[in-house]
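S.K.: A structural model of the following input is requested.
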Amino acid sequence: MTYQPPQYPPAQPVQGVPGQVQWGAPPPAPKKKRWPWIVAGVLLAGVLGCVGLFTLVLGGTAKVVGDAAGEMDANRKGENAVAGKVGTAATDGKFQFTVTKLKCGVDRVGPAEFGEKAQGEFCLLDVTVKNVGASAEVFSDMSQYAYDAAGGEYQVDSGAGTWANKDHSTFLESLNPGNTVKGKLVFDVPEGTKLTSVVLHESMYTAGIRVPLAG
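M.R.: Here you go, the predicted structure:
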């Protein structure tokens with residue numbers, strides 16, 4: 001048998017080093033790993049998508065809240081109210097209102113030893129409230145506002161109202177369907193103020209009824 005020497009690949013010059021060689025082919029350059037960049041891109045896209053969705057939802061929520069607040073403000077001012085008349089019943093939501101009398105120039109309500117004294121003068125508005133709905137509802141005097149000729153707005157003085165009404169709780173009890181209560185809404189206004197209208201509501205979410213007054 002004839003001896004066969006091992007076969008080696010031809011020598012390759014070493015790049016950049018004159019006169020130096022290396023045996024065999026140079027090892028291939030390592031491939032760059034691209035998966036971390038792909039993962040980072042997917043994560044970034046997800047984050048940006050979430051931010052965009054959050055911004056959209058937040059903006060939509062802010063608009064809804066702003067619209068609701070604007071609507072309630074318009075309701076309070078009577079901008080959406082229907083016209084009413086003293087002595088005539090008119091309905092807002094579950095309640096039917098009848099304004100019967102207005103008396104101003106009252107300096108005190110309740111007994112002398114207790115009661116409450118007006119900062120200016122009290123205007124007492126006699127109102128009948130009937131529940132014309134199908135379920136019980138509480139009438140709140142805090143949703144009722146009076147106005148003068150210049151557009152001045154006056155909220156009910158609930159503390160004085162407890163003294164002006166004999167049972168002290170006329171407008172705080174739950175009113176069942178078909179039931180009626182009568183009581184006085186009390187407004188503390190500057191002396192000499194002439195109230196020209198009152199806006200009555202079932203609640204702050206209803207349009208209300210504007211009743212002209214001959215105060």
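S.K.: where exactly do the strands run in this structure?
M.R.: For the chain, applying DSSP state E gives strands covering 11-13, 21-23, 82-83, 90-92, 95-109, 116-131, 137-138, 145-148, 153-155, 174-175, 180-189, 195-200, 209-212.
S.K.: Export these to TSV and append columns for distance to Met72 and mean neighbour count.
M.R.: Placement of C-beta: from N, CA and C, glycine included. Shown next, in TSV, are those (distance: least, C-beta to C-beta, whole Å; neighbours: other C-beta atoms under 10 Å):
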stretch	distance to Met72	mean neighbour count
strand 11-13	86	12
strand 21-23	86	11
strand 82-83	17	11
strand 90-92	14	19
strand 95-109	17	17
strand 116-131	21	19
strand 137-138	18	16
strand 145-148	12	20
strand 153-155	14	15
strand 174-175	22	16
strand 180-189	20	20
strand 195-200	13	23
strand 209-212	16	21
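S.K.: who wins for proximity to Cys50 among the ones you listed?
M.R.: Nearest to Cys50 among those is strand 137-138; the distance by C-beta to C-beta comes to 43.1 Å.
S.K.: how distant is that closest one from the center of its chain?
M.R.: 21 Å (C-alpha atoms, centre = their mean, to the nearest Å).
S.K.: what's it in contact with?
M.R.: The contact list for strand 137-138, computed with C-beta atoms under 8 Å, 6 or more residues apart in numbering, reads Gly93, Lys94, Phe95, Asn131, Leu172, Glu173, Ser174, Leu175, Glu202.
S.K.: Give me the average confidence score over that strand.
M.R.: On average, the pLDDT along strand 137-138 is 91.
S.K.: This completes my enquiry, with thanks.
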